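*Asks:* this is a predicted model, with the sequence first.
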Number of protein chains: 2
Amino acid sequence: MSDITDIEIHKKRFTDFLVSKRMRKTPERFEILNCALNCNGHFDADLLYNLLEANGYHVSKATVYSTLELLSEAGVVRKLLFDTHQARYEIADESHSHLICTVCGEITEIAPPGFEVKSCADMLNGFHPSYISTCIYGICRKCQMKKKDRK
Amino acid sequence: MSDITDIEIHKKRFTDFLVSKRMRKTPERFEILNCALNCNGHFDADLLYNLLEANGYHVSKATVYSTLELLSEAGVVRKLLFDTHQARYEIADESHSHLICTVCGEITEIAPPGFEVKSCADMLNGFHPSYISTCIYGICRKCQMKKKDRK
DNA sequence: TTTACTGCAAATATTTTGCAATATC
DNA sequence: GATATTGCAAAATATTTGCAGTAAA
């Protein structure tokens, strides 16, 4: 979870990004960032929209989408694509890997694996990495157990 | 690229899968698999549909989608989600990582990094991994150079 | 002969876009 | 005051679904 200091860091990062791009610091943009920071773990555009509405703050969906795109560009959130039908996001705090169950779709986060970019630096051929996403697909414990029961 | 032996292995795997699920071995399903095997690298549902049409073989898009889902379940192809708007696929041959340029969207494959699942086996907590997808996001050489030119 | 599969078209759902009104700089 | 941004609704697009006809087993 993000503590108060982290929240300020993310806000500053977004502000700097907007300033550098000569874009406007609108209340909508910061309200959306705030809402994202209050979500533990993953969230999607629709969830943010509904949370904002629930808090009595109205923004259009188009604005939620465009702001998420900006936050993503600014490196404040990461866009994750687990399934075809919607993009999910997470605050770009610490890195971790995702365990994705191919049966029930459950997604769990685990601490980062011992993956070293340096170990393949020679293969990158001029590519400048900024973020590594590791997704481990398989069958979660619960689904594994259900499978056994059926036998 | 797949050689003749590989192709037979993939076909057998799909056949075995269909038999085990008591599903029918229709010509459409094998025509779609064939077409996928002839694509080097990535492909999507639309590309397969168009290739099939170009070869004078008609299948409906719904069938392409459902067959890709089956091939994915059978472990013959892997479903990759690089952008929101469409699923891409690849033959589940050898494992490799993807370099994804966040500027131009170009996707390059590189040999697998030294990632060891065993090294975090204790964190998997009953999760049975079957496939690991590593995506390295960053800026490719070409976009890096364009950036410099602009300065 | 049974019923799973296909094709087609309509439905669904997410994201994008155009434009007038508004608010930031 | 200039113009980037918002909201709204409509558009665009990928995927799914329902159903009747067809073909694999």
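*Replies:* Perfect, thanks for sending it.
*Asks:* distance from the chain centre to stretch A:136-149, please.
*Replies:* In terms of Cα atoms, centre = their mean, to the nearest Å, the centre of stretch A:136-149 is found 25 Å from the chain centre.
*Asks:* show me which residues of chain A are close to DNA strand D?
*Replies:* Applying Cβ under 7 Å from any atom of the strand, one finds that chain A approaches DNA strand D through A:18, A:23-24, A:26, A:28-29, A:58-63, A:66-67, A:84-85. From N, CA and C alone the C-beta is placed, and that goes for glycine too.
*Asks:* go again using 6 Å as the cut-off
*Replies:* A:23-24, A:26, A:28-29, A:58-60, A:62-63, A:66, A:84 (Cβ under 6 Å from any atom of the strand).
*Asks:* return the residues in contact with the spatially most central residue of chain A.
*Replies:* Within chain A, one residue has its C-alpha closest to the average C-alpha position: by Cα atoms, centre = their mean, that is A:Glu90, at 1.9 Å. Under the criterion of Cβ atoms under 8 Å, 6 or more residues apart in numbering or on different chains, the contact partners of A:Glu90 comprise A:41-43, A:77-78, A:80.
*Asks:* any idea how chain A splits into domains?
*Replies:* Chain A is divided into the following domains under automatic domain parsing: A:4-89, A:94-150.
*Asks:* please state the offset of the last one from the chain centre?
*Replies:* A distance of 14 Å separates the C-alpha centroid of domain A:94-150 from that of its chain, computed with Cα atoms, centre = their mean.
*Asks:* hmm, that domain in reach of DNA strand C?
*Replies:* No. Legend: contact between domain A:94-150 and DNA strand C by Cβ under 6 Å from any atom of the strand is lacking; minimum distance shown is 13.8 Å.
*Asks:* surely A:His96 meets A:Thr108?
*Replies:* No. With contact defined as Cβ atoms under 8 Å, A:His96 does not reach A:Thr108; the gap is 9.7 Å.
*Asks:* those two - which one has more neighbours?
*Replies:* With neighbours defined as other Cβ atoms under 10 Å in any protein chain shown, A:His96 and A:Thr108 compare such that A:Thr108 has more, 18 against 14.
*Asks:* and the one helix or strand the more buried one maps to, what's buried?
*Replies:* Applying DSSP states H and E as the criterion places A:Thr108 in strand A:107-110. Along strand A:107-110, these residues count as buried under the neighbour rule (16 or more other Cβ atoms under 10 Å in any protein chain shown): A:107-108, A:110.
*Asks:* mind listing the helices for chain A?
*Replies:* With helices called from DSSP state H, chain A shows them at A:4-20, A:27-37, A:45-54, A:61-74, A:121-124, A:141-150.
*Asks:* how about TSV for those, with distance to B:Leu37 and mean neighbour count added?
*Replies:* Putting the helices of chain A into TSV (distance: least, Cβ to Cβ, whole Å; neighbours: other Cβ atoms under 10 Å in any protein chain shown) gives the following:
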stretch	distance to B:Leu37	mean neighbour count
helix A:4-20	44	14
helix A:27-37	42	19
helix A:45-54	37	16
helix A:61-74	35	17
helix A:121-124	26	13
helix A:141-150	30	12
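*Asks:* make CSV from the ones you listed and add mean pLDDT and distance to chain B to it.
*Replies:* As requested, these are arranged in CSV below (pLDDT from 0 to 100; distance: least, Cβ to the nearest Cβ, whole Å):
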stretch, mean pLDDT, distance to chain B
helix A:4-20, 93, 14
helix A:27-37, 98, 18
helix A:45-54, 97, 10
helix A:61-74, 97, 8
helix A:121-124, 70, 5
helix A:141-150, 72, 3
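*Asks:* which other helices and strands contact the strand holding A:Thr108?
*Replies:* Secondary structure elements in contact with strand A:107-110, counted by 3 or more Cβ pairs under 8 Å, 6 or more residues apart in numbering or on different chains; DSSP states H and E, are strand A:97-101.
*Asks:* can you give the contact residues for the longest strand along chain A?
*Replies:* Using DSSP state E to define each element, chain A has its longest strand at strand A:128-139. Outside strand A:128-139, the residues that touch it by Cβ under 8 Å, 6+ apart are A:75, A:78, A:80, A:82, A:92, A:95, A:97-103, A:112-113, A:115, A:117, A:147, B:99, B:102, B:115, B:117, B:124, B:127-139, B:144.
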